[in-house]
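Novice: Predicted model and sequence follow; I will ask about them next.
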Protein chains: 2
Amino acid sequence: MHSCQLIRSHIVRKLWRKLGLVSSAVSSREAHITNTLRAVELTSVRYPYLKRGNYSKLTDQDVAQFERLLPGEQRVLTDPSDLEGYNTDWLKICRGISQLVLKPKTTEEVSDILKICNEKKFAVNPQGGNTGLVGGSVPVFDEIILSTSLMNNIISLDALSGILTCQAGCILGNLNDHVSQHNLIMPLDLGAKGSCHIGGNLATNAGGIRLLRYGSLHGSVLGLEAVLANGEILDCMSTLRKDNTGYDLKQLFIGSEGALGIITKAAILCPQKSNTVNLAFLGLDSFNDVLDVFRDSKKHLSEILSAFEFLDSESLKVCTSNLQLASPIAQHPFYILIETSGSNGTHDEEKLTQFLETLMTVGKVKDGTVAVDDKQMQHIWGLRERVAEALLHDGYCYKYDVSLPLHDFYNLVLDMRSRVGHKATRVVGYGHVGDGNLHLNITSPSYDEEVASLIEPFVYDWIAERRGSISAEHGLGFKKRHYIYHSKSRSAVAAMKAIKHLFDPNGILNPYKTLPDD
Amino acid sequence: MHSCQLIRSHIVRKLWRKLGLVSSAVSSREAHITNTLRAVELTSVRYPYLKRGNYSKLTDQDVAQFERLLPGEQRVLTDPSDLEGYNTDWLKICRGISQLVLKPKTTEEVSDILKICNEKKFAVNPQGGNTGLVGGSVPVFDEIILSTSLMNNIISLDALSGILTCQAGCILGNLNDHVSQHNLIMPLDLGAKGSCHIGGNLATNAGGIRLLRYGSLHGSVLGLEAVLANGEILDCMSTLRKDNTGYDLKQLFIGSEGALGIITKAAILCPQKSNTVNLAFLGLDSFNDVLDVFRDSKKHLSEILSAFEFLDSESLKVCTSNLQLASPIAQHPFYILIETSGSNGTHDEEKLTQFLETLMTVGKVKDGTVAVDDKQMQHIWGLRERVAEALLHDGYCYKYDVSLPLHDFYNLVLDMRSRVGHKATRVVGYGHVGDGNLHLNITSPSYDEEVASLIEPFVYDWIAERRGSISAEHGLGFKKRHYIYHSKSRSAVAAMKAIKHLFDPNGILNPYKTLPDD
């Protein structure tokens, strides 16, 4: 597992270096990076109907006040070239014009900053690792960016109970390395683990490949500290597995995309690390067979099943053709990855082998391979995890991350494929089938208005008709907030707005995100 | 597992029959039951400082209006003898004087009832199976009781994804029987499963013995429908594992004890049922050894560990002396139950046997037995699950359900024992050590003011000093709401009150519970 994660993280870092968004990027490349970023159209220009909220504009006196609050080097950034990376999102589809990045180190500093912002009505954009995919982590206009990058202390780890406490700016991969020394793992694992902050993971209720086994952050997060818009520190930092004393306020902040408060600390329950991991890569004839094998794997692998991912043939093809990765098996309409994790290698191998033999015998699986070493595992995981990267080589990628009932799951890809026809380069489907989470991606050589209009709002209507979710794990952010009614009821959105107003009456926290305008 | 659960449920039903709170109690016993219940002092009399809120009083016209709303037999109860069971809690420590029980069948009926109550300012006490232990499920004064007992439809079960949807009044045990036919189990299991309603489980964030393996309801509940105080139906009924579209409102209702809205429906993720279950009962010399064995069991049993419970010697003694249950092993200072659940009997037995052999060899475990059949399993689980029942035979029982960091866990029992000395009949500790959840119980022949004053507020201060929780799974209800500050910060309680005011500005839902008075 360990080395397998390493390679995934490595791949991501590699991709990000290429895109120039890793902060340690060598100085010789800086000019190039800045030019690349400058090419991203400003969000406020791309969407001319957007109106800046009635927030104050920064003066030199304000900046001086923040500088007094955050003494020391590189804690108050105002140089436009320093700000480019903070203003632009990872997908390079959103770019703000913030003139100020603040880097507090403590909860109290966050509180002091927000007190000022709330009093003076400055809009604030909380930012973790800036790895979000829906434009939620960068400003739309000139919001002050509050970066958690210097809030990276691991506070404690109780190895017996598996409870970790840390500041919000800790990088997920670093936390995993840390708890790993105590035979534990983080309950979530993402492609972005090398950069994403745990505070951002919580604020966006990040999913990833471990959700199937360890559940969502709503179950794993035991305690949380957040600073409210008015600077008040909301202390819900329980480090207990069970605590039924009053409403569970921390849950509100998980998945609220920084709009209700800025998460500053968290306590997280870490599962036991498995002694042994196995990985199978299988070829199947139909999506119905994928579902049958999923049903059987829940029964036969049960407690050792740790991932069940799928790719359609187009998803694999984009890896083999655009990234020159080799497939370990012949071509099939569908592929699945089955990962097992457990405490006893002999037992797990026996369970998996028996299961695979049965599948081959009854003809549900046509071909397959089981990784025999870390290198093979890394290669197979690469085929699944590098699809997103491979798609970018086609030109422009229209990305959708949706949840659907399993019986409808793959029909969205088929319907979309017949709808856009030859106008798109390709339409692919892959993702966390074990969680009902489909990544639907459509590519074209460059952004194409006709293709876009064939996709939206069709895709959202299709999902809403089947009571799916238009955003399974990526959130709504800036890009999808106006489609919230496709997945949420009027009454629910009204209640969200009321809660937002209660916690942030001036609306200073992450404006233009998550909830639609009135 | 199946038969094991059956017996637990059977034990509970037996106990409840004895206490006369099962609705199917035979009519010949009714007079006796009523007399028993009449003996419970009215809450409003026992706590004379309590002041009835400024709510309206029912008139005959109001009752007639509700009768028109809920036509048919036994849907509007006003006969005092019919109301006794609804007015009195299971522990017989709280009794209200409600004059009206309403039994809606649909969400719309709940909505209609609350519209009237909110307009006319009637206080409402939502009630499920009335199995709560903190006086949260019965009225304090004359609140109208809204019972979910007729809202017991199972709506759907997707066997492939394991997602169940049902109305709030379904009995937990019935749901478990239903999903069990599809090779699934409910993610929670309680002693009260034969009577408790799933809506009440959600409203109180019920824990139980499966939490160690399957986590809390905050992770398992995928969707929820609730009716707000003003009658508005809040539809958050997602049936998806992942849905990051806006704030996760449903979480607020889980554990809010009916104060923010009445839960009417839920969607719940049900785990796979295990093919095989093993149970070991072990004797140990010290609590440190209990913790060492817990640590090792997480490592060696890992994914198959499904319960890790402990009893001290006094807890076992109360079962052997008060209930004449036989212990399968000789006397030891501590006992643990280790349950494993998995898909392969041979593998699980091998893991458990190897693990137990190691423990015996290194001397961490002094004696032990592994159940070889269902009967033995039932007997062993009885020793753990009937402690609460056995304690009642001592006379009066002072009950505490607390969470503590594991290194402090058992010291509370020792400190309490030396504090109350011979003034109590006994001080026992047992519970879900795997979740850091201790059940501390003190008994005396009858309620004793001196013993009570030795226990409180000492116990709450002791817990607060160690950042524990004064209520791990039972909630605050009526009995413990004024101790909330021992486990929650001022800022958190203030935020809870603001949310309560937002959702229920007239304060009609379950008043006098959960949150302290201003």
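Specialist: Yes, it's here. Residues are numbered from 1 along each chain as shown, chains lettered A, B, ... in the order given.
Novice: going forward, measure contacts between C-alpha atoms and count neighbours the same way
Specialist: OK.
Novice: which helices and strands does the strand or helix carrying residue A:116 pack with?
Specialist: Using DSSP states H and E, residue A:116 sits in helix A:107-120. With contacts taken as 3 or more C-alpha pairs under 8 Å, 6 or more residues apart in numbering or on different chains; DSSP states H and E, helix A:107-120 sits against helix A:60-69, strand A:221-227.
Novice: now these as CSV including mean neighbour count, mean pLDDT and distance to chain B?
Specialist: Listed next are those as CSV, based on neighbours: other C-alpha atoms under 10 Å in any protein chain shown; pLDDT from 0 to 100; distance: least, C-alpha to the nearest C-alpha, whole Å:
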stretch, mean neighbour count, mean pLDDT, distance to chain B
helix A:60-69, 13, 98, 24
strand A:221-227, 26, 98, 10
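Novice: any chance of the ones you listed in JSON lines, plus distance to residue A:106?
Specialist: Below are those laid out as JSON lines (distance: least, C-alpha to C-alpha, whole Å):
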{"stretch": "helix A:60-69", "distance to residue A:106": "12"}
{"stretch": "strand A:221-227", "distance to residue A:106": "11"}
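Novice: hang on, residue A:156 packs against residue A:166?
Specialist: Yes. Residue A:156 lies in contact with residue A:166 (C-alpha atoms under 8 Å); the separation is 6.8 Å.
Novice: quick one: which of these two has more around it?
Specialist: residue A:166 (22 against 11; other C-alpha atoms under 10 Å in any protein chain shown).
Novice: follow-up on the earlier one: what lies in contact with whichever helix or strand comes after the helix holding residue A:116?
Specialist: Next along the chain after helix A:107-120, taking DSSP H and E as the criterion, comes strand A:124-127. Here strand A:124-127 makes contact (C-alpha atoms under 8 Å, 6 or more residues apart in numbering or on different chains) with A:117, A:137-139, A:143-148, A:200, A:258, A:262, A:508-511.
Novice: which element is residue A:511 on?
Specialist: Counting by DSSP H and E, residue A:511 is part of no helix or strand.
Novice: ok, it - contacts?
Specialist: Contacts of residue A:511 by C-alpha under 8 Å, 6+ apart are A:123, A:124, A:125, A:259.
Novice: Per-residue pLDDT of the second one, please?
Specialist: pLDDT, residue A:124: 98.
Novice: What is the burial count for the residue in the stretch 51-200 of chain A positioned nearest to chain B?
Specialist: Minimum separation of the stretch 51-200 of chain A from chain B (C-alpha to the nearest C-alpha) falls at residue A:160, amounting to 5.9 Å. Using other C-alpha under 10 Å, residue A:160 has 18 neighbouring residues.
Novice: Residue A:228 now?
Specialist: Neighbours of residue A:228 using other C-alpha under 10 Å come to 23.
Novice: need the contact list for it.
Specialist: A:111, A:114, A:234, A:260, A:261, A:262, A:503, A:504 are the contacts of residue A:228 under C-alpha under 8 Å, 6+ apart.
Novice: where does residue A:346 land in three-state SS?
Specialist: helix (DSSP: H, G, I helix; E, B strand; the rest coil).
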